[in-house]
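Peer 1: Okay, structure incoming, though there's no sequence with it:
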C-alpha cells in the first residue's frame, strides 16, 4: 500500500515540471493496479487503488478559477451513493495537497450538496446515482463511476481489464463540463471517447 502514496501531489509553479511528479504518482498507481491478476482478488487492494486514483486525477484537470473560492481552498472529493472506500479514501488523502490546496473527502446525501464538489464518485444506489450524475451535467465537476459495481455514465469510469484496475475517459463530457483533461491522463486511459471530427 505504501507504493500507492509514494508520490506526493506537491505542485510547482512551472506547468511542465508540475506534471512530471504527478504523472509519476499516477503511473505508480497504474503499476500497482497492473499487479498480477490474483492480487486483485483482495478487494482491499482494488479499493485502495481506486481511492488513490480519485485524488490523483485532480491535477490532470484544467479547473476553471471560479471553482475555488481562494488560492488555498481545498480540492473536494465527494462520494455519493454506496461508499465502497470507507476509511481507505480518508487515509489516502490525509496530508495530500494539489497545488497548495488540501484534499478533503465529503459524503453526500443529496444532489443539492454537489456545488461544493470538484470530483464526484457515484457509487451504486437505488435510483439516486442517476440524480447525482444528472445534477453534475454541465457543471465543472469530474464525475467518476465504477463499471465493476454496475454504475456507468461518469466522465471517468473505472474498468477492470485483465483483472487490473484501469479507466476509460469521456473527453467530450469533460469538455462539456468545462474541465478539459490533460493529454497525459488521456494517454493512460484504456479508451478515450470523443466525437469524430
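Peer 2: Yes, it's here. What you see is a predicted model; the values in this text were computed from it and never measured.
Peer 1: Tell me who's in contact with residue 44.
Peer 2: residue 88 (CB atoms under 8 Å, 6 or more residues apart in numbering). C-beta coordinates here come from the backbone N, C-alpha and C atoms, glycine included.
Peer 1: what helix or strand does it sit in?
Peer 2: helix 43-57 (DSSP states H and E).
Peer 1: and what of residue 84?
Peer 2: Using DSSP H and E, no helix or strand contains residue 84.
Peer 1: you'd agree it is up against residue 125?
Peer 2: No - judged on CB atoms under 8 Å, residue 84 makes no contact with residue 125 at a distance of 11.7 Å.
Peer 1: More neighbours: which of those two?
Peer 2: residue 84 (19 against 14; other CB atoms under 10 Å).
Peer 1: Tell me how far that one lies from residue 107.
Peer 2: Using CB to CB, to the nearest Å, residue 84 is found at 12 Å from residue 107.
Peer 1: do residue 67 as well
Peer 2: On the measure of CB to CB, residue 67 and residue 107 end up 20 Å apart.
Peer 1: more neighbours, those two?
Peer 2: residue 67 (19 against 13).
Peer 1: count of residues packed around the closest residue to the more buried one other than its chain neighbours?
Peer 2: Nearest residue to residue 67 in three dimensions, chain neighbours excluded: residue 140, at 5.0 Å (CB to CB, 6 or more residues apart in numbering). Number of residues near residue 140 (other CB under 10 Å) recorded here: 17.
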